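[1] Give me coordinates for this.
(2 chains)
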Amino acid sequence: MNKPEADNFIEEFIVEDLNNGKHAGRIHTRFPPEPNGYLHIGHAKAIVINFEIGKKFGGKTNLRMDDTNPSTEETHFVTAIENDIKWLGYEWEGETRYSSDYFDELYALALKLIDKGLAFVDDSTVEEIAEQKGDIDEPGSNSPYRDRPIAENRDLFERMKAGEFPDGSRVLRAKIDMAHPNLLLRDPVLYRIKHEAHHRTGDDWCIYPLYDFAHGQSDSIEEITHSLCSLEFRHHRDLYNWLIEALEIFPSRQIEFARMNVDYLVTSKRRLKKLVEEGVVSGWDDPRMGTLAGMRRKGYPAEALRNFCMRTGVTKRDNQQEFNFLEHCVREVLNEKADRYMAVLDPVKLVITNYPETTEILTSENNPEEEARGTREIPFSRELWVEREDYRKEPQNRKYFRMAPEKDVRLKAAYILHIDGHEEDNDGNVTQINATYYPESRSGNDTSGIKAKGTLHWVDAATAIDIEVRNYDKLFTDPTPMDHEDKDFMDFINPESLEVIAAKGEPALANAKAGDTFQFLRKGYYTVDEDATSEKMVFNLTCGLKSSWKG
RNA sequence: AGACCGCUAGCUCAAUUGGCUAGAGCGUCGGAUUUUGAUUCCGAAGGUUUCAGGUUCAAUCCCUGAGCGGUCUGCCA
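    Residues are numbered from 1 along each chain as shown, chains lettered A, B, ... in the order given. Predicted coordinates for the structure are as follows:
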């Protein structure tokens, strides 16, 4: 089997390991979320990197809940996380794993470290330990308990586990070097006492390992070959490697990459939570949120998100992705997948004065990009709804191809119209547009010889259904609302990020199901919201269409 | 201040690991096509590779220094 080519620096490391015959050519990655929140676009990047690398090199990818802190983790997040990953299109190896499954093994490893004289039980307080830590440019000092005999450490640690001591009274610390330039190697805390029930192990434990004594060890237990994480864990790698050597366990290799940031999307758990709690959004799955649940509800296809994550590179530099590239990826998929329907978002009545009092059934293709999507029937009659913004009261020049007095325009899948004029109320608002049609101009067999530059969407007034349309805009007025030293990100909330309107849709739209995405011709992609009922269809704006018209 | 990491078009990444006029996608601006002012197609603009030295026949790449940005002093992950 010939090895795939490396597309980024992580893959270069992998190819290098493969070439060196490391792990007999086996590749195994993992995605290790902490089940204390919902997945967002940043997680999607990590998921895609891990799973795609597994796939590309014929390897496997585990899903492991990093649940070592009983205070913050909840089981319902586990289910939500699993759903999001499946929705994104990935399948992990075997069952979902949990760091908490390894508590026994982790405890045994701690004992081993103690027996090797590389860990000690410290009676210092939180403050004292912080004090001992020293500073970034100043060496720390040894804990007075650092030289406790091994037997005493063992005894104390066993009694910590047995529940003999209160929270915070003692910790287990690695014995490394209090003068190390990497603060994480200044005798880091490995275990703490917490008399708290864990979402999975219940009251079995009252001591819990910290990240540094759980994550790497779990990687080793699962024989993960490449442990990919974000840049802020760079300093932890030294400890990660120190523990591999001290514990003599499977040597997983940690590689760090830069997190992905996207304009207008916040990904911090704290901020996301604040948006929900302050009622700025309707919930964690609000379409304006950068959560996977939110983007799914907004109608972003999983494929588009995957493409987005794959096309934005993998490097070690801080990066800020443009929102329009995300939307580009969304449109690209939807252009091919979404059927075209017509809906009028800001309806004004149009009357074809020379059209008979009958209803005619017209046919239109569902998707010009994909003939296999077939056609559908659309009723047409004398009175229609058209878009208010498509009409201008005064005659226009040739560069304008929508409706205006004396203009000829094509109605999509129907006839060419000659616009005669309009009626208006006392305030000058157009109440009705009057037009005549060219009977020989019917779509498909046009023999009229009339040319119309513009083609407009419309719905038949008699058969149109009332729909609710939720037009979403960016949640913030600034692409990086959290990056202002003098202002809080909440100061940049866009007051107009949601507009709910009553619109008119063609009758076939009544059969749509939640999650279905359509292109409303000339307007944008819209996805049926879960709030939709048989009485009232509700559509979320997924993404607008590009427009080069500078009208 | 110390350690570590990073810096190539507006944005995100390439550059066969030192070798032709430094490429691509997105964006922008033109043009063609179009029963969606969408899509598609064609074209253009856009770079002193952060800066200054050095090594070399040759530097985006190696070395030194500087600048700018990031990370690290939780019993969070």
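[2] near RNA strand B, which residues of the stretch 201-350 of chain A show up?
    Residues of the stretch 201-350 of chain A found near RNA strand B, taking Cβ under 7 Å from any atom of the strand as the criterion, are A:208, A:210-211, A:214-215, A:231-236, A:258, A:311-322, A:324-325, A:328, A:331-332, A:335, A:340. All C-beta spots, glycine's among them, are computed from the backbone N, C-alpha and C.
[3] Give me the three-state assignment for the closest residue to A:Asn8 other than its chain neighbours.
    Spatial nearest neighbour of A:Asn8, chain neighbours left out: A:Val314 (3.9 Å); criterion: Cβ to Cβ, 6 or more residues apart in numbering. Secondary structure of A:Val314, reduced to three states by DSSP: H, G, I helix; E, B strand; the rest coil: coil.
[4] next one: A:His235
    When the structure is split into helix, strand and coil by three-state DSSP, A:His235 lands in helix.
[5] Quick one: residues contacting the spatially closest residue to it that is not a sequence neighbour.
    Setting aside the residues directly before and after it, A:His235 is nearest to A:Leu184 in space (Cβ to Cβ, 6+ apart), at 5.1 Å. A:Leu184 is in contact with A:Asp212, A:His235, A:His236, A:Asp238, A:Leu239, counting by Cβ atoms under 8 Å, 6 or more residues apart in numbering.
[6] cool, and A:Ile352?
    For A:Ile352, counting by Cβ under 8 Å, 6+ apart, the contacting residues are A:Arg382, A:Glu383, A:Leu384, A:Leu417, A:Ala435, A:Thr436, A:Tyr437.
[7] mind running it again at 6 Å?
    Residues in contact with A:Ile352 (Cβ atoms under 6 Å, 6 or more residues apart in numbering) are A:Arg382, A:Ala435, A:Tyr437.
[8] In three-state terms, label the second one for me.
    Applying three-state DSSP to A:Ala435 yields a three-state assignment of strand.
[9] Surely it and A:Gly421 touch.
    No: shown here, A:Ala435 and A:Gly421 do not form a contact pair, counting by Cβ atoms under 6 Å, at 8.7 Å.
[10] Between the two, tell me which one has more neighbours.
    Each of A:Ala435 and A:Gly421 had its neighbours counted (other Cβ atoms under 10 Å), and the higher figure belongs to A:Ala435 (25 against 14).
[11] Just give the nearest non-adjacent residue to the more buried one, would you?
    Spatial nearest neighbour of A:Ala435, excluding adjacent residues (Cβ to Cβ, 6+ apart): A:Leu417 at 4.4 Å.
[12] okay, now A:Glu383: neighbour count?
    Using other Cβ under 10 Å as the criterion, A:Glu383 is surrounded by 14 other residues.
[13] Find the nearest non-adjacent residue to it, please.
    A:Ala461 (4.2 Å).
[14] mind listing what's buried in stretch A:268-279?
    Counting neighbours by 16 or more other Cβ atoms under 10 Å, one finds that the buried residues in stretch A:268-279 are A:Arg271, A:Leu272, A:Leu275, A:Val276.
[15] Could you do stretch A:148-155 as well?
    A:Arg148, A:Asn153, A:Arg154.
[16] Other residues contacting it?
    The list of residues contacting stretch A:148-155 from outside it, by Cβ under 6 Å, 6+ apart, reads A:Ile114, A:Gly117, A:Phe120, A:Val121.
[17] From these, keep the buried residues only.
    With neighbours counted by 16+ other Cβ under 10 Å, the contacts of stretch A:148-155 contain buried members at A:Ile114, A:Phe120, A:Val121.
[18] residues touching the last one, list them.
    If I follow you right, that is A:Val121. By Cβ under 6 Å, 6+ apart, the contact list for A:Val121 reads A:Asn153, A:Leu156, A:Phe157, A:Arg170, A:Leu172.
[19] What residue spans form the domains of chain A?
    Residue ranges for the domains of chain A, per automatic domain parsing: A:9-257, A:262-339+A:468-543, A:343-457.
[20] thinking again about what came up before, can you name the two of the contacts of stretch A:148-155 that are farthest apart?
    Comparing all pairs in the contacts of stretch A:148-155 by Cβ to Cβ, the longest separation belongs to A:Gly117 and A:Val121, at 12.8 Å.
[21] which residues of the stretch 201-350 of chain A score low on pLDDT?
    Applying pLDDT under 70 to the predicted model, the stretch 201-350 of chain A contains no residue that meets it.
[22] The stretch 451-551 of chain A now?
    Within the stretch 451-551 of chain A, not a single segment meets pLDDT under 70.
[23] Show me where the stretch 351-500 of chain A has its strands.
    Counting by DSSP state E, counting those that start in this stretch, the stretch 351-500 of chain A forms strands over residues A:360-365, A:375-380, A:383-387, A:408-411, A:416-424, A:430-437, A:455-456, A:458-460, A:465-472, A:498-505, given from the N-terminal end onward.
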